[in-house]
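Chemist: quick one: sequence and predicted model below, then my questions.
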Amino acid sequence: MLKKIKFAPLLLAALLCAAVPGAWAGRLRVLATTDYIAALAKAVGGDKVSVDYLSPAGFDADGYSPRPQDIFKVHQAQLFLMIGLNLEDWARDVVDAANNPHLIKAQIYHGIKLLDKPTGPINYSFGDIHPYGNPHFQTDPEDGGIMAKNIYKALVYADPSNQAYYAKNLADFEARLTKAEARWKAELAPYKGEAILPYHESWHYFAEAFGFVDPNPPFTIEEKPGFVPSPRRIEDVIQDGKAAHVKLVITEPYYDVSIGQAVAKGIGAPCVVISLYGIGANPKETGYISMMNYIVGKVARALKESAAHAG
Ligand SMILES: [Zn+2]
């Protein structure tokens with residue numbers, strides 16, 4: 001899972017000599033690893049920041065392979081925001097290669113109640129790509145709020161002169177988030193207690209936040225995060241899924257979706273494909289709250305269809 005990148009020295013020199021784009025002038029240059037971190041930074045930073053991100057929309061941030069132009073982005077950035085917890089292991093190489101001594105780096109997982117912390121020895125060769133705990137907490141709205149607060153602190157550290165402006169934006173965002181969270185909970189309330197089966201360990205926080213059956217460790221199609229399931233594993237998951245009365249299988253477009261579909265067919269439940277990195281790829285997802293609107297809506301519709309089918 002750990003992908004090392006090599007950059008040709010000449011290409012690197014050419015990238016680092018390029019000028020800062022004019023649109024960035026006068027704003028704090030924020031670079032995030034993923035789309036949803038960038039969206040939160042934009043919500044809090046408003047007009048005082050320019051925001052970009054590395055792992056492209058629609059791709060898996062767990063397995064992103066950086067490109068040479070990412071070094072240029074890091075070299076020009078003033079504040080670098082990442083989840084941490086090995087989600088973006090690839091980011092370390094890019095930051096090292098960019099050699100930007102003024103870059104302020106912030107990990108924004110602080111304060112999140114982490115799930116799925118491995119208890120035994122960490123073994124990457126066995127597909128253990130979440131060695132410090134599950135980093136996919138963006139679908140728990142409470143954690144969305146914690147990330148926004150952490151981003152606020154990082155913005156104030158990097159740009160204290162605009163503290164009052166960032167504080168107002170944070171308060172506005174928190175107010176909108178609180179309202180939206182109540183709406184999402186109401187939308188999913190009819191399905192409370194149902195079992196959902198994800199392909200990857202990326203829906204555990206969602207399950208906890210919205211009251212789905214929440215086994216610990218989470219019941220996933222992968223045997224371990226990052227480990228493609230064997231035919232034997234798939235058979236076992238189908239049997240266990242039937243026993244657990246799984247109502248919905250969730251997979252993501254950057255995995256082999258045919259596996260999720262085969263499991264769903266075996267269990268007799270619908271399969272829904274949802275990207276967790278849809279901002280910028282899906283026109284309906286333009287920020288954190290619209291991202292959650294889309295995800296919650298899609299899960300609710302699939303569960304409604306599942307209930308109608310069963311009934
Ligand atoms: Zn993962």
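Modeler: Right, received. Where do you want to start?

Chemist: so Leu155 touches Gly45, yeah?
Modeler: Yes - taking C-beta atoms under 8 Å as the definition, Leu155 is a contact partner of Gly45 at 5.6 Å. Using the backbone N, CA and C atoms, a C-beta is placed for each residue, glycine as well.

Chemist: roughly how far does Pro218 sit from Gln69?
Modeler: Using C-beta to C-beta, to the nearest Å, Pro218 is found at 36 Å from Gln69.

Chemist: quick one on the thing from earlier: need the residues touching each of Leu155 and Gly45.
Modeler: Taking C-beta atoms under 8 Å, 6 or more residues apart in numbering as the criterion, Leu155 and Gly45 both touch Leu28, Val30, Tyr166.

Chemist: what's the domain layout of the chain?
Modeler: 9-182, 187-310 (automatic domain parsing).

Chemist: ranking those by mean pLDDT, which is last?
Modeler: When the domains of the chain are compared by mean pLDDT, domain 9-182 comes last with a mean of 88.

Chemist: next one: it to chain centre, how far?
Modeler: Domain 9-182 sits 11 Å away from the centroid of its parent chain (C-alpha atoms, centre = their mean, to the nearest Å).

Chemist: just the element for Lys73, please.
Modeler: helix 68-76 (DSSP states H and E).

Chemist: over to Leu188?
Modeler: helix 163-188.

Chemist: now for that helix, which elements pack on it?
Modeler: Judged by 3 or more C-beta pairs under 8 Å, 6 or more residues apart in numbering; DSSP states H and E, helix 163-188 is in contact with helix 35-45, helix 141-158, helix 204-210, helix 288-310.

Chemist: in it, which residues are buried?
Modeler: Within helix 163-188, the residues scored as buried using 16 or more other C-beta atoms under 10 Å are Tyr165, Tyr166, Asn169, Leu170, Phe173, Glu174, Leu177, Ala180, Glu181, Trp184, Glu187, Leu188.

Chemist: same question, stretch 97-114
Modeler: Here stretch 97-114 shows Ala97, Ala98, Asn100, Leu103, Ile104, Lys105, Ala106, Ile108, Tyr109, Ile112 as buried, counting by 16+ other C-beta under 10 Å.
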